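> Just the structure for this:
(one chain, ligands or ions: 1)
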Amino acid sequence: MPEGDTVHKLARVLDQGLRNQPLIRVELRGGVRPFAHATRIESVRAQGKHCLIAFDNGRTLRVHLGMHGAWHRYPQPWKNRGEVHVRLETEKEVFVCLQPKDVELLDAREMAKHPVLSGLGPDLLAAEEPDWDWVQRRAQQFCPPDRLLGEVLLDQRIAAGLGNVYKSELCLLGPLPEGKGNPFRPLAGTHPFSPISVCRPEQLRDLFWRGRRLLQLNLGGWPRTTTHDASRPLPGSQARVWLYARDGMQCLRCTATIQSRHQGLAARATFWCPQCQPMDTWKEFHSKKG
Ligand SMILES: [Zn+2]
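Just a heads-up that it's a prediction; the model follows:
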């Protein structure tokens, strides 16, 4: 599933390709009601994992890609190769969206009162720094103490943008106090099935703070990386992630075998190291390999 960084990058590409370009064709399928006349797109932006496409007729198209959705971009002339859910055409290019989880067209009133959008926590990729006290309060508001940490990190009502990859990685990297240290270096690990009560309030805030830094550092053109700053040249072939999809392989810190299990109602794949990430407590890492 695309995470906040991917959706923000997609929104940027859509915005660059579509903003203020005269639209020659707009098609929406999959239960979306008929499209009122629009001549151009005013902006495309991301809010958490939602892509919001604002037309000049006051309507906004909300697209959530979910697990299987994707956007494709083609030069004109483009021949339709089958059913698409969204099709936005300019004279130069065609943008199509396939298999999204949600597509809906909203007027200004519906946007303001949207049950999902208005319930989102602060966007971890917003230009302005999120109100971290508010994030902390939302975690307390929405999560009983026995809620599992992996599920809490994915709860978009607390803060929007983290997905399944960052969820697993953050439980090994640990809380990083704001502005202190290397966001790619593990400081402390706990099991993603530990309850949220394993975190003191400031630790939870520092986990989300690290999440924001990692999302920001992955907005470039490289594949998502949680082990090093991919904007700089690296020696050799370094693994891009600590845990995600590495079950059965060696932990990059301690060489124990990485485990995996599904978590939550959505049965999301979850990865951890049994040595570095004890249940119900944090294991602090005092040296690079310790
Ligand atoms: Zn380990």
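
> would you list every one of the helices in the stretch 51-200 of the chain?
Applying DSSP state H, counting those that start in this stretch to the stretch 51-200 of the chain gives helices spanning 108-112, 132-142, 149-154, 164-173.

> what's the most buried one of those?
helix 164-173 (a mean of 26; mean count of other Cβ atoms under 10 Å). (Glycine included, C-beta is placed from N, CA and C.)

> contact partners of that one?
Helix 164-173 is contacted from outside by 1, 3, 149-150, 153-154, 162, 183-187, 189-192, 194, 207, 210-211, 214-215, 224, 226, 241-244, 253, 268-273, 276-277, using Cβ atoms under 8 Å, 6 or more residues apart in numbering.

> Check stretch 143-156 too.
Applying Cβ under 8 Å, 6+ apart, the external contacts of stretch 143-156 come out as 48-49, 120-121, 139, 142, 158, 162-164, 166-168, 170-171, 190-199, 204, 207-208, 211, 263-264, 268, 270.

> again, only this time at 6 Å
48, 120, 162, 167, 170, 192-197, 263-264, 270 (Cβ atoms under 6 Å, 6 or more residues apart in numbering).

> Endpoint to endpoint, that stretch covers what distance?
12 Å (Cα to Cα, to the nearest Å).

> Looking at the helices of the stretch 51-200 of the chain, which is nearest to the ion?
Between the ion and the helices of the stretch 51-200 of the chain, the tightest spacing by Cβ to the ion is seen for helix 164-173, at 7.4 Å.

> is the closest one anywhere near the ion?
No: Helix 164-173 stays clear of the ion (Cβ under 5 Å from the ion), getting no nearer than 7.4 Å.

> want to throw the helices of the stretch 51-200 of the chain into a markdown table with mean pLDDT?
As requested, the helices of the stretch 51-200 of the chain are exported to a markdown table (pLDDT from 0 to 100):
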| stretch | mean pLDDT |
| --- | --- |
| helix 108-112 | 96 |
| helix 132-142 | 94 |
| helix 149-154 | 96 |
| helix 164-173 | 97 |
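
> Which one, of these, ends up nearest to His72?
The minimum distance between His72 and those falls on helix 164-173, with 22.3 Å, by Cβ to Cβ.

> Can I get that closest one in PDB, CA atoms only?
Taking Å, rounded to 0.1, in the frame of the first residue of the first chain, the C-alpha atoms of helix 164-173 are listed here in PDB:
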ATOM      1  CA  ASN A 164       2.900  -0.700   7.000                       C
ATOM      2  CA  VAL A 165       6.600  -0.300   6.100                       C
ATOM      3  CA  TYR A 166       7.200   2.500   8.500                       C
ATOM      4  CA  LYS A 167       5.100   0.800  11.200                       C
ATOM      5  CA  SER A 168       7.500  -2.200  11.400                       C
ATOM      6  CA  GLU A 169      10.600  -0.100  11.000                       C
ATOM      7  CA  LEU A 170       9.700   2.400  13.700                       C
ATOM      8  CA  CYS A 171       9.300  -0.400  16.300                       C
ATOM      9  CA  LEU A 172      13.000  -1.300  15.700                       C
ATOM     10  CA  LEU A 173      14.300   2.300  15.300                       C
END
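
> Alright, I will stop here.
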